[in-house]
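**Student:** My questions concern the predicted model and sequence given below.
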Amino acid sequence: VQVAELGGGLVQAGGSLRLSCAASGFTVNDYAVGWFRQAPGRAREGVSCISEKDGFTGYTDSVKGRFTISASNALNTVYLQMDSLKPEDSGIYYCGAFDLKDCSNVAKVWGQGTQVTVSS
């Protein structure tokens, strides 16, 4: 079971990025997939979660209305579309696979992370 993130980079405030989380060894219908982020000196925090089999999506309050999580069964990939980015969105973004539909338990696996930097 593995996941791999792609799509980070440097963007100006107000811009957009799309992150991808490619799953292998399982399908996006098997487990929930969540996006988390970690800024320097801060704890890892949950950003968004999707469970295809449960029809569930969730977002932390600070990204609601700006970020959209989605899944492609054909490509076995979960995406995080990030719009209206703010400097405080900067950090390393990780995706993980979870047994619980809201990604609230310990992850079965984490990716290596991808850096997102939003300049002011």
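**Tutor:** Yes, it's here. Residues are numbered from 1 along each chain as shown.

**Student:** In three-state terms, label the residue minimising distance to the centre of the chain for me.
**Tutor:** Centroid check for the chain by C-alpha atoms, centre = their mean gives residue 35 as the closest residue, at 2.5 Å. Assigned with DSSP: H, G, I helix; E, B strand; the rest coil, residue 35 falls in the strand class.

**Student:** show me the contacts for it.
**Tutor:** Shown here is residue 35, whose contacts under the criterion C-beta atoms under 8 Å, 6 or more residues apart in numbering are 19, 21, 46, 47, 48, 49, 69, 78, 80, 93, 94, 95. (Glycine included, C-beta is placed from N, CA and C.)

**Student:** For PyMOL, what selects the buried ones among those residues?
**Tutor:** In PyMOL syntax, the buried subset of those is picked out as below (16 or more other C-beta atoms under 10 Å):
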select buried, resi 19+21+46+47+48+49+69+78+80+93+94+95
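
**Student:** Please, where are all the strands along the chain?
**Tutor:** With DSSP state E as the criterion, the chain has strands at 2-6, 9-12, 17-24, 32-38, 45-51, 56-59, 67-72, 77-82, 91-98, 109-110, 114-119.

**Student:** Could you tell me the per-residue confidence at residue 45?
**Tutor:** Note on residue 45: pLDDT of 97.

**Student:** sorry, back to before: between the contacts of residue 35, which is closest to residue 101?
**Tutor:** Nearest to residue 101 among the contacts of residue 35 is residue 49, at 7.7 Å by C-beta to C-beta.

**Student:** Please report how far that closest one lies from residue 119.
**Tutor:** In this structure, residue 49 and residue 119 are 28 Å apart, going by C-beta to C-beta, to the nearest Å.

**Student:** Now the terminal residues of stretch 110-119, how far apart.
**Tutor:** Stretch 110-119 has an end-to-end distance of 27 Å (criterion: C-alpha to C-alpha, to the nearest Å).
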